[in-house]
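Peer 1: pasting the sequence and the predicted model now:
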2 protein chains.
Amino acid sequence: MVAIEPNGNFCSDCAVRGAAVCSSLDAADLREFEHLGRRVHFGSGETVFSEEDITTSFYNVIEGVMRLYKLLPDGRRQIVGFALPGDFLGMNLSGRHNFSADAIGAVTVCQFAKAPFNRFIEDRPQLLRRINELAIRELSQARDHMVLLGRRSADEKVATFLLGWRERLVALKGLSDKVPLPMSRQDIADYLGLTIETVSRTFTKLERQGVIQIIHGGISLLDPARVEAMAAA
Amino acid sequence: MVAIEPNGNFCSDCAVRGAAVCSSLDAADLREFEHLGRRVHFGSGETVFSEEDITTSFYNVIEGVMRLYKLLPDGRRQIVGFALPGDFLGMNLSGRHNFSADAIGAVTVCQFAKAPFNRFIEDRPQLLRRINELAIRELSQARDHMVLLGRRSADEKVATFLLGWRERLVALKGLSDKVPLPMSRQDIADYLGLTIETVSRTFTKLERQGVIQIIHGGISLLDPARVEAMAAA
DNA sequence: AAAGCCAATTGACTCAGATCAAATTTGAGT
DNA sequence: ACTCAAATTTGATCTGAGTCAATTGGCTTT
């Protein structure tokens, strides 16, 4: 973990300026906000925070991908989401994180100390509204994911994942048939409530059907329509 | 569905006054707030709102239990939660509900038209903060439920459900070994990502082990410690 | 109290996905 | 290019939970 000191124009040249919590702030507020955050880099596999840790900071993902997960006492893992640039992490009521987060590949976050951030929100209801929006969006995604985990078959899970992941990347970097998958097969399995073998077999099956092509670091969507049919059930 | 006109002191004698969104309002604001909501009753099985319906109202559960669920096109159902008195329903970003809600037994809600409610929030950041708290709490619960759906066995699911449900009832009406289960076995199955048969078999197994007793309309927890052991795995 | 109905239980059997066990591929370091 | 370790794929087998099919039990209606 490497901290980079805040510099002069740090928010204004920020890649996630439009999408993140800060999009709710005007120029004057943003200049003040700038002093609250500092950019921090994490290397591949590094843990940004762990479940049950006391929350000392909030995080805005600037670059890279993170896995957010919970562990059962016996080691079983459920990935509750992948965080991408623009995502805001660390909100909770208990004062402790309710999941762990680590970097998949290199990650840059904008880190805010909890107390000053909360003080800053105090008289910026528009920022609170923005945070609330993000929470409501996540809640909706969480419910969709419950349906997937509880009621979908392995094939449907994998197909739904590929489409959903592509959708998120489209929003970030535009449409492409190449879908990078920076996370491991184990990560995908733990996200979908499957085993790594089942994920691997399903990928292979899709490839044999000519629907996708497994390429280095991801897949290529050859027949999006058929993947959608597979996801819909 | 039967609407009850708002009466003079309607908030002040409200059963969920302390727990609900309105707990953030002072006496003066509460008097104004009162005029926004009206109490509405729903009979057993009645639908309060459906997924994809345009959101015209928000709801505060006053009394009774509701099931919140999503359906797949082919009819598979995932219950994403049960709502109890104090729960606030209807927040979304899309302008449409992202799940359906119906009454399990008789239900009373406090219904707020969307536009006036949003206007009222506008200059009451403390109410927004309260709503945000509820969203964050739900998000945390949703993540816990993802772990259950994705990574727990049938036995663990049922045990975890019984303890979690009891916990919620404790908060509402105090501790008791009798755990009322107003929802059907099918509801429990759809909440846990199981079939009705598996839920029934697991209940029977727990009863044969002397851990619970199946009684009319619920169960009696004979050996909470063993249920906890079963849930923890 | 008999009939009808729906929810819940129980039993027999099946199967999707897990588990166990090798290959095989990939990638980082030398 | 070569080595070793880790990630992924593939194969064989097993099993927990699902499916299908009766019963049983509780209410409600008559």
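Peer 2: Good, I have the coordinates. Treat the numbers as computed from the prediction; the structure is a model and nothing was measured.

Peer 1: and stretch A:204-216, how far from the chain's centre?
Peer 2: 25 Å (C-alpha atoms, centre = their mean, to the nearest Å).

Peer 1: could you check whether it is close to DNA strand C?
Peer 2: Yes - residues of stretch A:204-216 contacting DNA strand C under C-beta under 7 Å from any atom of the strand: A:H216. In this view, the C-beta of every residue, glycine as well, is placed from N, C-alpha and C.

Peer 1: list the buried residues of that stretch.
Peer 2: Of the residues in stretch A:204-216, A:L206, A:V211, A:I212 count as buried by neighbour count, 16 or more other C-beta atoms under 10 Å in any protein chain shown.

Peer 1: now stretch A:73-86
Peer 2: Buried, per 16+ other C-beta under 10 Å, within stretch A:73-86: A:R77, A:Q78, A:I79, A:V80, A:G81, A:F82, A:A83, A:L84, A:P85, A:G86.

Peer 1: would CSV of the buried residues of stretch A:204-216 with secondary structure be doable?
Peer 2: Formatted as CSV, these follow (DSSP: H, G, I helix; E, B strand; the rest coil):
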residue, secondary structure
A:L206, helix
A:V211, coil
A:I212, strand
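
Peer 1: off-centre distance for the lengthiest helix in chain A?
Peer 2: Counting residues, the longest helix found in chain A (DSSP state H) is helix A:125-151. In terms of C-alpha atoms, centre = their mean, the centre of helix A:125-151 is found 12 Å from the chain centre.

Peer 1: so how far is stretch A:211-218 off the chain centroid?
Peer 2: How far stretch A:211-218 lies from its chain's middle: 21 Å, per C-alpha atoms, centre = their mean.

Peer 1: any residue of the helix or strand harbouring A:M66 up close to chain B?
Peer 2: Taking DSSP states H and E as the definition, one finds A:M66 inside strand A:57-71. Yes - contact of strand A:57-71 with chain B (C-beta under 8 Å from any C-beta of the partner chain) involves A:K70.

Peer 1: ranges for the strands of chain A?
Peer 2: Under the criterion DSSP state E, strands of chain A are mapped to A:2-4, A:37-42, A:47-49, A:57-71, A:77-83, A:88-89, A:100-113, A:178-180, A:212-215, A:218-221.

Peer 1: what angle sits between the fourth one and strand A:37-42?
Peer 2: Same thing as strand A:57-71. 40 degrees (axes from the mean of the first three to the mean of the last three C-alpha atoms, to 10 degrees).

Peer 1: that older thread, any idea which of the strands of chain A gets closest to A:A135?
Peer 2: strand A:88-89 (8.8 Å; C-beta to C-beta).

Peer 1: re the thing from before, now tabulate the buried residues of stretch A:73-86 in TSV and tack on distance to chain B and pLDDT.
Peer 2: Converted to TSV, the buried residues of stretch A:73-86 look like this (distance: C-beta to the nearest C-beta, whole Å; pLDDT from 0 to 100):
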residue	distance to chain B	pLDDT
A:R77	7	98
A:Q78	4	98
A:I79	8	98
A:V80	5	98
A:G81	8	98
A:F82	13	98
A:A83	13	98
A:L84	17	97
A:P85	19	96
A:G86	15	96
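
Peer 1: state the distance from the residue nearest the centre of chain A to B:M230.
Peer 2: Taking C-alpha atoms, centre = their mean, the centroid of chain A lies closest to A:A83, which sits 1.1 Å from it. Computed as C-beta to C-beta, to the nearest Å, the A:A83 to B:M230 distance reads 33 Å.
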